[in-house]
Each structure stands twice: as C-alpha cells, then as structure tokens.
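**Q** Predicted coordinates and the sequence they were generated for:
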Amino acid sequence: MNILFEILSKKDFSRALQIYNHFIINSVSNFEEKKMLMKDFKFLYNKNRKNRLPFLLAKKNSEVLGLAFVSKFREKSGYRFTYEHSIYVDPSYINSGYGSVILKKLLKQCKQNKNIKNLIAVIGSSDNIASIKIHKKCGFKYIGTLKKVGFKKNRWVDSVYMQKKL
C-alpha cells in the first residue's frame, strides 16, 4: 500500500472533519451525538499539537484515506503516561487494510514520544469486530468490556478496552 502520512494541514481540515463526523452521525464507534464544528475540531487539533502528540493524516494519490490522533486518557496526573488514540478511515476504504496501516504508523510515532508509555483503545460497541481485530493484529491486549456505558441511537452501547504497552 502506497500511503503518504502527513501532519494535518489547513487544506485538509474540512475533509478530515467530514470523515470524523461521518462516524459521529452514522455509527456508535464515537460516542459524540452531534457533529463536531470546525472550530471545535481545530481546537482539538491545536491542543494535540501543543502537547506534541501525534495527529496524522493518511493519503493516497492526494486523497484523504483517514486520520489518527492521540489524546490524554484521563486528566488526573497519575495517568500522565497513558494515552488514548482514535482512528477514522474514510467509509469507502473500510475493510481495505488501511486501518492497520494507519494504526502501525501511529504506534511508531507514539514510540518516539518518551511520555507515551501506554496506549488505550476505547472501542465503541462489542460488535465492532473489525476494530478489535486491527488492534489485536497490532499487539493490543484485551483488557475488558464496560457493558452498556454509552447511550446512542436509542440503544445502550458497550465500550471495549484494549491496551498496548510501548
């Protein structure tokens, strides 16, 4: 797969946000229920960059395939070496192997950051078998499932937790 990875730039903000919002509106993999506004997406991005955390864009032939980023797992100081990541692949490229490639690149970037010791995957829905498989393939270990902790699309949704020590 010939994928180019870039830091998100202004020209791709709109497309990245479009992919992110697709999962808010059409799935339970993201527990937000309302589309994210551009100003909020830019705030998320700027906070990420200020904290020197990975935020990357995957492209093929200048077309955006997906995005991935890392954020604090929890705000309490004792969690300062543990981070959560998010990966979103353009819906037209799902089940094409791009998710694994993006996650592997994100892991490489995380290993270069001395503050990131643990990476947590919080997977929306026990039914999200593809995401669980991708994480297993990349060395994440199943930690547990929080049953019915999210409520979206008029149903209760589980959160599956997986962890990789870096």
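**A** Received it, and whenever you're ready, just let me know what you need.
**Q** from here on, contacts and neighbour counts on C-alpha atoms
**A** Will do.
**Q** Let me see the ranges of the helices in this protein.
**A** 13-26, 38-50, 98-111, 129-137 (DSSP state H).
**Q** Dump these into a markdown table; add distance to Glu6 and mean neighbour count as well.
**A** Shown next, in a markdown table, are these (distance: least, Cα to Cα, whole Å; neighbours: other Cα atoms under 10 Å):
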| stretch | distance to Glu6 | mean neighbour count |
| --- | --- | --- |
| helix 13-26 | 12 | 18 |
| helix 38-50 | 13 | 14 |
| helix 98-111 | 11 | 18 |
| helix 129-137 | 21 | 17 |
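**Q** Point out the one among those that comes closest to Ser62.
**A** helix 13-26 (11.7 Å; Cα to Cα).
**Q** For the closest one, which helices and strands make contact with it?
**A** Counting contacts by 3 or more Cα pairs under 8 Å, 6 or more residues apart in numbering; DSSP states H and E, helix 13-26 packs against helix 38-50, strand 63-72, strand 82-89.
**Q** do you know which of these lies nearest Ser29?
**A** Comparing those by their distance to Ser29 (Cα to Cα), the top pick is strand 82-89, with 9.6 Å.
**Q** what are the pairing partners of the closest one, and which direction each?
**A** Sheet pairing here is set by DSSP bridges, and for strand 82-89 it gives strand 63-72 (antiparallel), strand 118-124 (parallel).
**Q** what residues does that strand touch?
**A** Contacts of strand 82-89 with the rest of the structure, by Cα atoms under 8 Å, 6 or more residues apart in numbering, involve 19-20, 23, 65-74, 98-99, 102-103, 116-122.
**Q** Buried ones from those residues, can you make that a PyMOL selection?
**A** Burial among those is assessed by 16 or more other Cα atoms under 10 Å; the matching PyMOL selection reads:
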select buried, resi 19+20+23+65+66+67+68+69+70+71+72+73+98+99+102+103+116+118+119+120+121+122
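**Q** what does the lowest-mean-pLDDT helix or strand in the chain contact?
**A** Using mean pLDDT, DSSP states H and E, strand 4-7 stands out as the lowest-scoring helix or strand of the chain, at a mean of 92. For strand 4-7, contacts defined as Cα under 8 Å, 6+ apart pick out 55-60.
**Q** Of those, grab the buried ones for ChimeraX.
**A** The buried subset of the contacts of strand 4-7, as determined by 16+ other Cα under 10 Å, is captured in ChimeraX by this line:
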select :55,56,57,58,59
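**Q** In the sheet, which residues pair with the residue most central in space within the chain? Tell me.
**A** Taking Cα atoms, centre = their mean as the criterion, Ser86 is the residue nearest the geometric centre of the chain, at 1.0 Å. Assessed by DSSP bridges, Ser86 has beta-bridge partners Phe69.
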